[in-house]
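Below are the sequence and a predicted model for it; my questions follow.
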Amino acid sequence: MSGILERIEQQLETIGRDGRLRRLPAIDNGKDKYLQIGEQRLLNLASNDYLGLSSSPLLAAAAHDAINEYGASSGASRLVTGNNRLYQELEHELASFKAQPAALVFNSGYTANLCLLASLADRHTLVFSDRLNHASIIDGISLSGAKHVRYRHNDMAHLATLLTKHKDHPHKLIITDSVFSMDGDLADLPSLVQLKHDFNCLLVIDEAHATGIFGHGRGLAHEFGVEQEIDLHMGTFSKALGSFGGYVGGSRLLIDYLINTGRALIYTTGLPPATVASNLAAIRLLQQNPDQGQPLLTMARNLVRHLQDLGIDTGPTESHIIPIIIGDNERTLQVQQQLHDMGIHVGAIRPSTVPTGTARLRLALRADLTLGEFELLTTQLSEVLCR
């Protein structure tokens, strides 16, 4: 056996011993409110389809019409023949939705972060990044060759200290998630905006888990009223918007720069027309019903209050993402199985996705839960977690 294969085998054995081995689950229709896994029907609290829009007949009809008109593929990159009228309509409405001069659609949120960081930053750039930012941000910084300066999670004093240390450096960029995907807490965007101005930085935010929920669906920057102070707004269609793909909104200058330098845009085939059409339908649906996220946030606050009253650690969450922090990897998997046996499907998140010793269940609440389903969920969580 080659040295590479020996190393791979040893690493997999170590991952297994640590209770961190991942396997692809056999799940059909994983975005539905209820999953059928084998003989069991499970309430799905692991999907990011927060508003239930992936099952919207309007999105499905838009995708179907686009297939009939344009076929199954865009055929090439957008700069060759892969662009079409639907892309132009989507980016126009998206820019308006985000209150930005321009917008650009990417093949995924992960791709969008890789692209914008590799384009905006280079080895002469300092990128100040929250320690709990998404993996796509970390990978984008690595790809760019920039110096990665991590600040303690949501610690604005620490970030200010680091910025002061590098105050004379001419090329500085701050980037953060707005809603953190594993803890459910919120970035302090007003303070970040102030630091951006104080130290002459670009400020980029990832609104993947905020879009559709906060700020009348427009994101946390709109919730805080600072959308005009942020240079680039990144987000996805694949979570609350119920479809697929990523986007960036910002100035015409920055969007044109990404079009001309973004290798992840230039050298990949455009999204299928059906996907672009469903994205457009999702944006229009959200504009017509901008406050769908509010009942979801109310539900989340009620559940968190109940769990905390029972002495359960839900971390710093302020959103629809609720971590139940257990700590031990094997115990986390055991509790996940107990909930599974009661008909609830939740994600078990372990290191290295989260820090060592903070393994957790990640509840992704969804707006289409009925009152009866929510009350049953509350009862079942209490029973399992208080054993």
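Cool, the structure landed.

for Ser144, what are its contacts?
By Cβ atoms under 8 Å, 6 or more residues apart in numbering, Ser144 lies in contact with Leu117, Ala118, Leu120, Ala121, Asp122, Thr125, Val127. All C-beta spots, glycine's among them, are computed from the backbone N, C-alpha and C.

and the second one, how many neighbours does it have?
Spelled out, it's Ala118. 22 (other Cβ atoms under 10 Å).

repeat for Ser108
17.

What ranges does the stretch 51-200 of the chain have for its strands?
Taking DSSP state E, counting those that start in this stretch to define them, one finds strands in the stretch 51-200 of the chain at 102-106, 126-130, 147-151, 172-177.

Present those strands as CSV; the columns should include distance to Arg20, mean neighbour count and mean pLDDT.
CSV is the format used below for the strands of the stretch 51-200 of the chain (distance: least, Cβ to Cβ, whole Å; neighbours: other Cβ atoms under 10 Å; pLDDT from 0 to 100):
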stretch, distance to Arg20, mean neighbour count, mean pLDDT
strand 102-106, 30, 23, 98
strand 126-130, 23, 23, 98
strand 147-151, 23, 18, 98
strand 172-177, 23, 25, 98
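
Could I get those strands in CSV, plus columns for distance to Asp188?
Below are the strands of the stretch 51-200 of the chain laid out as CSV (distance: least, Cβ to Cβ, whole Å):
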stretch, distance to Asp188
strand 102-106, 25
strand 126-130, 10
strand 147-151, 11
strand 172-177, 9
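
so which of those gets nearest Ala187?
strand 172-177 (4.7 Å; Cβ to Cβ).

If I take the closest one and strand 147-151, what angle do their directions form?
Angle between the axes of strand 172-177 and strand 147-151 is 50 degrees (criterion: axes from the mean of the first three to the mean of the last three Cα atoms, to 10 degrees).

Neighbouring strands of strand 172-177 in the sheet, and parallel or not?
If you go by DSSP bridges, strand 172-177 pairs up with strand 126-130 (parallel), strand 202-206 (parallel).

Just the residues contacting that strand, thanks.
117, 120-121, 125-130, 132-134, 137, 141, 146, 159, 163, 166, 187, 192, 195-196, 199-206, 208-209.

Go again with 7 Å.
Defining contact as Cβ atoms under 7 Å, 6 or more residues apart in numbering, one finds that strand 172-177 is touched by 120-121, 125-130, 133-134, 137, 166, 187, 192, 195-196, 199, 201-206.

Sort out which of the contacts of Ser144 are buried, if you could.
Taking 16 or more other Cβ atoms under 10 Å as the criterion, what is buried in the contacts of Ser144 is Leu117, Ala118, Leu120, Ala121, Thr125, Val127.
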